[in-house]
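# below are the sequence and a predicted model for it; my questions follow.
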Amino acid sequence: MSVMRIGHVALKVMDMAAAVKHYEKVVGMIKTMEDKHGNVYLKCWDEWDKYSVILQPSDQAGMDHVAYKVRQDADLDALQSKIQAYGIKTVMLAEGSLPSTGRMLQFHLPSGHEMRLYAMKEYVGTEVGTTNPDPWPDSIHGAGAHWLDHVLLMCELNPETGTNHVADNTKFMCEVLEFYLVEQVVVGPNGAIQAASWLTRTNTPHDIAFVGGPRAGFHHASFFLDSWHDVLKAADVMAKSKTKIDVAPTRHGITRGETIYFFDPSGNRNETFAGLGYLAQPDRPVTTWTEDKLWTGIFYHTGDAVPSFTEVYT
Ligand SMILES: [Fe+2]
């Protein structure tokens, strides 16, 4: 019971100046640091640790790694033993491997995605502080996202070869990292194939999600907003800034989230996401979506298939 929540996502970007402008002006983040390698670190106004997004200069888009914060440093040793006993290799990266961050336990999910766990990151405080705070800061800008909420990772799924990294990741996350399954999509005869899963450690509907596709990749990083009105305003910000919108404001059946999808200048998909949806609990029965209602689960109002939504990713 030691993983607390998502800590950060490291994204590869091809034009750093354009990427920083996007995450600052559109998402509404604050640049907090830049390292000697040219990586840029940002946080949202309602986050208290030093960063939740790392932008890494690269010649291609995509996710470098996703990191989750554990409660205390000793948890990393316990989790290292547990992960290795499961048959997954780990490396303990020394404190300072990332600036302002303690040691990190690095490993790869069965899908191949790099995940890291850490216990310490420099505390800098939220923009409203902790003593008699205002509900929002005067410095709020862009979509004014509160925090990095979750990532969705695409995992190889090929029933013909028996490859199902959605199911493999889900099993690992539940058995080893003690996430719990909240929602799933099942396909194929008798719904025998778990084609997507939503998992949580907090009490929101998901802290991570896995969706099956032809290859592993990064689908999106999502940032939390307060309300449906904030989702509308975020779309206004995107229209005003000529940000490429992928899916205009709508609601998911899965998680009940109110959402917009859009792209950063390198083509990494982002989401702004509002609404708790429901209170996720370890004993809440798992919600299952069947193959015939897959698109209703994704886009609740129309239920229409939008193939680019699941086929385009970095
Ligand atoms: Fe999402």
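Happy to help now that I have it. Numbering: from 1, shown residues only.
# how about whichever residue of the stretch 1-150 of the chain sits closest to the ion, what does it touch?
The shortest separation between the stretch 1-150 of the chain and the ion is 5.7 Å, found at residue 150 (distances taken as CB to the ion). In short, each C-beta sits where N, CA and C put it, glycine included. Counting by CB atoms under 8 Å, 6 or more residues apart in numbering, residue 150 makes contact with 6, 206-209, 221-222, 273.
# let's see it at 7 Å
6, 206-209, 222 (CB atoms under 7 Å, 6 or more residues apart in numbering).
# which one of those residues is nearest the ion?
Using CB to the ion, the contacts of residue 150 come closest to the ion at residue 222, 4.0 Å.
# count the neighbours of that closest one for me.
Using other CB atoms under 10 Å, residue 222 has 25 other residues around it.
# verify the stated contact: it with residue 271.
Yes: with the criterion set as CB atoms under 7 Å, residue 222 and residue 271 qualify as a contacting pair; they are 3.9 Å apart.
# and stretch 62-69, what's its mean pLDDT?
Averaged over stretch 62-69, pLDDT sits at 98.
# distance from the chain centre to that stretch, please.
Between the mean C-alpha location of stretch 62-69 and the chain-wide mean there is a distance of 8 Å, by CA atoms, centre = their mean, to the nearest Å.
# CA atoms only for that stretch - export them in PDB, please.
Written as PDB, here are the backbone C-alpha positions of stretch 62-69 (Å, rounded to 0.1, in the frame of the first residue of the first chain):
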ATOM      1  CA  GLY A  62       6.600  10.200 -27.200                       C
ATOM      2  CA  MET A  63       6.900   9.400 -23.600                       C
ATOM      3  CA  ASP A  64      10.300   8.700 -22.000                       C
ATOM      4  CA  HIS A  65       9.000   7.500 -18.700                       C
ATOM      5  CA  VAL A  66       6.100   7.900 -16.200                       C
ATOM      6  CA  ALA A  67       6.800   8.100 -12.400                       C
ATOM      7  CA  TYR A  68       4.700   7.400  -9.300                       C
ATOM      8  CA  LYS A  69       5.400   8.700  -5.900                       C
END
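# would you list the buried entries among the contacts of residue 150?
When those are checked for burial by 16 or more other CB atoms under 10 Å, the buried set is 6, 206-209, 222.
# quick check: the two most widely separated of the residues you listed?
The most widely separated members of the buried ones among the contacts of residue 150 are 6 and 209, with 11.4 Å between them, by CB to CB.
# near the ion, which residues of this structure?
For the chain, the residues in contact with the ion (CB under 5 Å from the ion) are 222, 271.
# go with 8 Å
On the criterion CB under 8 Å from the ion, the ion has as its neighbours in the chain the residues 149-152, 206, 209, 219-220, 222, 252, 255, 257, 259, 271, 273.
# residue 79 contacts residue 117, doesn't it?
Yes: with contact defined as CB under 7 Å, residue 79 reaches residue 117; the gap is 6.0 Å.
# shared neighbours of those two, anything?
Common contacts of residue 79 and residue 117 (CB under 7 Å, 6+ apart): 70, 105.
# and the two? Which one has more around it.
Set side by side, residue 79 and residue 117 give different neighbour counts by other CB under 10 Å, the larger being at residue 117 (24 against 20).
# for the more buried one, pull up the helix or strand it's in.
Residue 117 is part of strand 114-118, with elements assigned from DSSP states H and E.
# buried sites along whichever helix or strand comes after that strand?
Once the chain leaves strand 114-118, the next helix or strand it forms, by DSSP H and E, is strand 148-158. Within strand 148-158, the residues scored as buried using 16+ other CB under 10 Å are 148-157.
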